[in-house]
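> need coordinates for the following:
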Amino acid sequence: MKEQEVIDYVQKKSAAPSDSQELAKHNKNEVRPLNILIESIKDSLIPYVAKLETAKEIYEKLIDLFSVSTAGEGILLKNELYKMKSTKKKV
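Model prediction:
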């Protein structure tokens, strides 16, 4: 997302504007990060983000899903990542 220069857009804390022209601009800017997020996530994660409407909401949900608070969770996530890499090599 940094390469596409949209990371700031999903991390900012501002609400959608009330002015119609600004809202149209806001919605247009929403499309790019939303598409990047949707195209980047695995099908197994779709149920977690399907009802979310904005790129910021999806981004925050993914951060919550993959944040590690214990060593055990870190090991589980590393194992899942290893499995994903192994599966891609076999295909």
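
> and the helices in this protein?
Using DSSP state H, the helices found in the chain span residues 7-11, 20-40, 46-49, 55-66, 71-90.

> pLDDT weak spots in the chain?
1-17, 26-27, 85-91 (pLDDT under 70).

> hmm, back to that, could the helices of the chain go into CSV alongside mean neighbour count?
Placement of C-beta: from N, CA and C, glycine included. Converted to CSV, these look like this (neighbours: other C-beta atoms under 10 Å):
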stretch, mean neighbour count
helix 7-11, 16
helix 20-40, 14
helix 46-49, 12
helix 55-66, 16
helix 71-90, 10
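
> and residue 42, its phi and psi?
For residue 42, the backbone dihedrals (degrees, to the nearest 10) come out as phi -70, psi 160.

> grab the nearest non-local neighbour of residue 52.
Computed as C-beta to C-beta, 6 or more residues apart in numbering, the closest residue to residue 52 that is not its neighbour in sequence is residue 58, at 5.0 Å.

> need the contact list for the one you found.
Contacts for residue 58 (C-beta atoms under 8 Å, 6 or more residues apart in numbering) come out as 10, 34, 37, 38, 49, 52.
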